[in-house]
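Q: Let's see this in three dimensions:
(chains A and B)
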Amino acid sequence: LAKTTQPISMDSYEGQEVNITCSHNNIATNDYITWYQQFPSQGPRFIIQGYKTKVTNEVASLFIPADRKSSTLSLPRVSLSDTAVYYCLVGDNGNNRLAFGKGNQVVVIP
Amino acid sequence: KAGVTQTPRYLIKTRGQQVTLSCSPISGHRSVSWYQQTPGQGLQFLFEYFSETQRNKGNFPGRFSGRQFSNSRSEMNVSTLELGDSALYLCASSPGTGTNTGELFFGEGSRLTVL
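A: Below you'll find the model as predicted:
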């Protein structure tokens, strides 16, 4: 399984755009990059997935450079309710054995 | 569509006892994965079942086991409980077929406290 590295925590002010980075130097050709969000005492929730370049949905954008060794999750204009742990994972879509790790605690400040 | 249901939500056991946790996946999902979450280790993969067969296994001792029934419901069992087994145990389901989008649907978890 490709390993990912994320900052442990970060703070952001309400209304700002938040960019969360993830490093995955050993990503394999078949691997996709997936991001999850987890609130306290709840299971993680799927946010977005991509393979290369840029993917956008109603919640976030995912930027993946050409070498795919890193990715950036962008949350536009965060609110207090976006305070959560964000996990970056890599794996192929036929393999549900995902390495979540410890994630990145994002705290949104009023 | 009902989500992933885990029971019980909370339980307290003592060292040496065993525990069984249950997970009902989303209707139509055939893959069920189990994860252990602790503050120190984060979210760690335990095992995955697909069509009643264990398809993947994480790096946990043999005290941790699981099974899946023909209706895709799954149970995990931890025997000879240790203090370090105190954790939130999360179950996730997915279609599990070749068209898997990579999205796992998680339950709210079973919080186990070992005294």
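Q: and the closest residue to residue B:104 other than its chain neighbours, bridged to which residues?
A: Excluding the flanking residues, the one nearest residue B:104 by Cβ to Cβ, 6 or more residues apart in numbering or on different chains is residue B:92, at 4.0 Å. Heads up, the C-betas are built off the backbone N, CA and C, glycines and all. Under DSSP bridges, the beta-bridge partners of residue B:92 are residue B:33, residue B:106.
Q: Give the bridge partners for the closest residue to residue B:66 other than its chain neighbours, please.
A: Nearest residue to residue B:66, sequence neighbours excluded (Cβ to Cβ, 6+ apart): residue B:76, at 4.2 Å. With DSSP bridges as the criterion, residue B:76 is bridged to residue B:21, residue B:66.
Q: Same check on residue A:11?
A: Beta-bridge partners of residue A:11, as defined by DSSP bridges: residue A:107.
Q: Now do the residue nearest to residue B:104 against residue B:71, distance only.
A: 17 Å (Cβ to Cβ, to the nearest Å).
Q: So for the two, which sits in the more crowded spot?
A: The neighbour comparison of residue B:92 against residue B:71 (other Cβ atoms under 10 Å in any protein chain shown) goes to residue B:92, with 27 against 10.
Q: burial measure for residue A:39, as a count.
A: Neighbours of residue A:39 (other Cβ under 10 Å): 13.
Q: pLDDT at it, what is it?
A: We note a pLDDT of 93 for residue A:39 in this prediction.
Q: about what we covered before: verify the contact between the residue nearest to residue B:104 and residue B:43 for me.
A: No. Using Cβ atoms under 8 Å, residue B:92 is not in contact with residue B:43; the gap is 10.3 Å.
Q: Touching both of those two, which residues are there?
A: For the pair residue B:92 and residue B:43, residues contacting each of them under the criterion Cβ atoms under 8 Å, 6 or more residues apart in numbering or on different chains are A:44, B:35.
Q: Across the sheet, point out what pairs with the closest residue to residue B:58 other than its chain neighbours.
A: Using Cβ to Cβ, 6+ apart and skipping residues adjacent in sequence, the residue nearest residue B:58 is residue B:45, 4.1 Å away. Residue B:45 has these beta-bridge partners by DSSP bridges: residue B:35.
Q: what's the burial count for residue B:45?
A: Counted with other Cβ under 10 Å, residues neighbouring residue B:45 total 21.
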